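Asker: Turn this into a structure:
(chains A and B)
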2 protein chains.
Amino acid sequence: VSEKGTRRVEPRLPRGLQDFLPERALARQELIDRIRRAYEAHGFAPLSTGAVECFEALAGSGGQDANRQIFRVDCGEDEALGLRYDLTVPLARVVASHQQEIPRPFRRYQVGSVWRIDKPGPGRYREFTQFDADIVGTTSAVADACCVAAARDALEALVPAATDLPRRFRIRMSDRRILDAMFGAVGLAPERAHEVLRVIDKLDRVGRDKVALELTAGYVDASGDKIPGLGLPQDRVARILSFLDIRGDTRQDVLAQVAAFLGTGDVPERAVGAAREFSDLLDALGVSDEEAIFDVAIARGLDYYTGPVFEFALLEAPSFGSIGSGGRYDNLVSRFSGQAWPGVGVSMGVDRLLAALAHSGGLPHVPSCADVLVTTMDASRMRDYARLCATLRAAGLRTELFAGPPGSFGKQVKYADKAGIPVLVIAGTDELARGVVTVKQMREPTFASDASREQWLAARLGQTEVEASSVVAGVREALAAPREHA
Amino acid sequence: VSEKGTRRVEPRLPRGLQDFLPERALARQELIDRIRRAYEAHGFAPLSTGAVECFEALAGSGGQDANRQIFRVDCGEDEALGLRYDLTVPLARVVASHQQEIPRPFRRYQVGSVWRIDKPGPGRYREFTQFDADIVGTTSAVADACCVAAARDALEALVPAATDLPRRFRIRMSDRRILDAMFGAVGLAPERAHEVLRVIDKLDRVGRDKVALELTAGYVDASGDKIPGLGLPQDRVARILSFLDIRGDTRQDVLAQVAAFLGTGDVPERAVGAAREFSDLLDALGVSDEEAIFDVAIARGLDYYTGPVFEFALLEAPSFGSIGSGGRYDNLVSRFSGQAWPGVGVSMGVDRLLAALAHSGGLPHVPSCADVLVTTMDASRMRDYARLCATLRAAGLRTELFAGPPGSFGKQVKYADKAGIPVLVIAGTDELARGVVTVKQMREPTFASDASREQWLAARLGQTEVEASSVVAGVREALAAPREHA
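Answerer: Numbering: from 1, shown residues only, chains lettered A, B, ... in the order given. As a prediction, the model looks like this:
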């Protein structure tokens, strides 16, 4: 590639996109691996689809607002294309195309990028990674409970807590059927449910008072915009809000309050009965009340979901809001196919998760890729360094051979520091002649309280000379030695 | 999402794209994991970038033909965007943007999709996955050797062979400097190198005779198209071809023949000397002649590369050609930045690898995600099944609870077969009352030759009744029992 006459190009990221440099990319990969193992332990199998879909498949399923968010793709041919904006459309398309080949129920996970033309902002990107798990082709409450149990295990793997310590995440759950029964109990016409749900959905964002105003007479917001009200009578709104206030420490306690509020009748009893069955299955699957609680105030996407809905939060990063959600839906595949494949799913935002954990200091500590760097002191002895490297790697140690200019010790220590490599092997001309190498720990060591002055000095320096033939043992020892993490 | 009045959409994939259903997705994930572990063991760290790049960053670096292959992306704003067509442009952009933050040399791997508007065909897709590993910011031969050693370990992990059996892959290597020295030795003007290399690059595809014709008078191909010749004299072409015929069983043997051909002089001696240094480093890193051999006939991308070039093939799938390649380049970052970050890299085509291994029967056997399916026979005992499931999972067994309609044994066995789950736990009303469960192997078992009739019958059925309290041990035994793979 000739550079002559080529204009310099600014190394610029498109608006709303981000790069993951190694440290962040390693942490991100670790999060994805943990979620993957959790879902695989529940029998979810991977599905992988392309980023590009026919525009027709993408458009319409999420309404006009969603259509405007789709990145259009042009391949110079007569085919309207776009980048997927979620992993649900590809799932529906695949299920519709392969109904005979796939097992039913189909229990799949998919992790991948999705693209939306959103206004970029802190923590808001136009390309982000979703991790979805769904069970489709079944209406069974077992599927609902399996999804929550799997998500519980994924969350526990992401932010592990000791058995006797409180969980560090919370799954909040509600049910569309309970909300519908509540609307019946307060005398709201079913056709108004959609607009009321849309307002209730703002509870977390705008608070209880503004929701009350929007359900009644409306209000003028801080920017001077008029927010029109739905015109519901005050007493009805008071009852709705008192319902949304229901809280309890156990699922059974919340359901008892819900049952008392809803009263008797077919619709409320079926709704509460279904939630009890679901909760009993969670008990049997070992999902505790602390891990997954009912909270009838979560309304997220309730106009899309038809049964249980879920929302996940990290307790140490409340400002990041939910890092995942899900629920039961009925119409997944019907856009593509006559056959009904009702299902239930959970979706986590990997990038928001990463940002939340980074913010709370809860990112998993992922060691650098190399355990040890073999430094190159003497340009005429490169083959010796390469052989040391081969010996260490053959012993299972992840070993890097310094590939920059040989000779400068200081530069190579600085390199190891930047790359996060914890141990160095150093051998100058003289050492190689004597058949020894120096093993150096990069991090400050800690000491036993009864350490001798000699031990202290040796450890303080973090350097030990070992026979070249014992280099593997020497590096293992340096790696195992307790160290302060930077 | 209301379906009323919604037109049915055909569940169609865009031209040249593909889906990976679970079995294939699992194998693909396994290949990626193996390559990842191999590169990480050599100190390569992950980099992750978005799919969308500024069009300006993509355009031009690969010439006009490459520009026509770029998928254009439209976000409705005044920013020309495109999908990346390789992982090299993102690397260059990241290095140019983060020169102060990243260690130098920068040793990174990246795995991800790239998009090219190619004519789709069998095994040719418009979205495919590349796995790249590069060391940039150094001209050292150590970096070249490290890349080949890492690629060797990745290939060995992909198609492992027993120590005493022949390797199942081959790395062929040449060097731009040797080719240049050869052009000098046969008296070819340096400015003609580019066009001659372009023709030599076709050796694998069109064969020796047509290359000879294209270097001299040209020819008319099978479709009647005139392929113009370069007009080199016959004797010069004969010498070039005799050079390209050089073969040998060891790197030293090939280099000795090359040195004899090139004769004495500064240019050939420097070129052969550099190749010897590189080969010696490979020796020291434990890369054998069988694994990586010099072959001066590979010319792949030699007009782009400036030093060593590499090409990888699977020996059991020769028709798939190379499944990866690489080499040393000098101008990676200069389009974006004044600073030179020369480097060396290797790139594997994960999808071609997958296709080649599937074709040769060499795909790794990846077990289904679940070890065991807990079937649901009695709708009134779902909580018992869920508890069995929790017990098995707590013991570390990847356990799926059947989430379809309970009751039909036949349907659940069929489901397990389709999902590839090797073991079932079955408990009907009667069994649960007696405190036992049946553990069933899905695959035909094999037998010891001295098996008794009773053992044979029990094993033939593949079913054992165990105490419910021993279900973990029962499932472990069924999983450990030797089975014929389907």
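Asker: which residues in the stretch 51-200 of chain A form strands?
Answerer: A:52-54, A:72-74, A:81-83, A:106-115, A:127-136, A:169-175 (DSSP state E, counting those that start in this stretch).
Asker: TSV please, covering these and showing mean neighbour count and distance to chain B.
Answerer: Every residue, glycine included, has its C-beta placed from N, CA and C. Compiled in TSV, these are given as follows (neighbours: other C-beta atoms under 10 Å in any protein chain shown; distance: least, C-beta to the nearest C-beta, whole Å):
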stretch	mean neighbour count	distance to chain B
strand A:52-54	24	5
strand A:72-74	19	4
strand A:81-83	25	5
strand A:106-115	24	6
strand A:127-136	24	5
strand A:169-175	23	16
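Asker: Any chance of those strands in a markdown table with mean pLDDT as columns?
Answerer: As requested, these are exported to a markdown table (pLDDT from 0 to 100):
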| stretch | mean pLDDT |
| --- | --- |
| strand A:52-54 | 96 |
| strand A:72-74 | 95 |
| strand A:81-83 | 97 |
| strand A:106-115 | 97 |
| strand A:127-136 | 97 |
| strand A:169-175 | 96 |
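Asker: Sort out which residues of stretch A:94-106 are buried, please.
Answerer: By neighbour count on 16 or more other C-beta atoms under 10 Å in any protein chain shown, the buried set for stretch A:94-106 is A:94-97, A:99, A:102-106.
Asker: Put together TSV for these, with distance to residue B:281 on each row.
Answerer: Converted to TSV, the buried residues of stretch A:94-106 look like this (distance: C-beta to C-beta, whole Å):
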residue	distance to residue B:281
A:94	47
A:95	52
A:96	54
A:97	50
A:99	55
A:102	50
A:103	51
A:104	55
A:105	54
A:106	51
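Asker: where does the stretch 301-450 of chain A dip in pLDDT?
Answerer: Low-confidence segments of the stretch 301-450 of chain A (pLDDT under 70): A:301-303, A:444-450.
Asker: Could you pick out the residues of the stretch 251-400 of chain A near chain B for me?
Answerer: A:280-281, A:283-286, A:304, A:331, A:334-338, A:368-370, A:373, A:376, A:382-387, A:389-390, A:393-394, A:398-400 (C-beta under 8 Å from any C-beta of the partner chain).
Asker: Next, work out how far apart residue A:140 and residue B:393 are.
Answerer: Here the criterion is C-beta to C-beta, to the nearest Å. By it, residue A:140 lies 19 Å from residue B:393.
Asker: how about the nearest residue to residue A:178, chain neighbours excluded?
Answerer: residue A:271 (4.8 Å; C-beta to C-beta, 6 or more residues apart in numbering or on different chains).
Asker: again with residue A:474
Answerer: Closest residue in space to residue A:474, ignoring its immediate chain neighbours: residue A:466 at 3.7 Å, by C-beta to C-beta, 6+ apart.
Asker: now swap in residue A:116 and tell me
Answerer: Closest to residue A:116 by C-beta to C-beta, 6+ apart is residue A:69, at 4.4 Å.
Asker: In contact with the residue most central in space within chain A, which residues?
Answerer: For chain A, residue A:350 is the residue whose C-alpha lies nearest the centre (C-alpha atoms, centre = their mean; 3.1 Å). If you count contacts by C-beta atoms under 8 Å, 6 or more residues apart in numbering or on different chains, residue A:350 has them with A:28, A:31-32, A:35, A:111, A:128-131.
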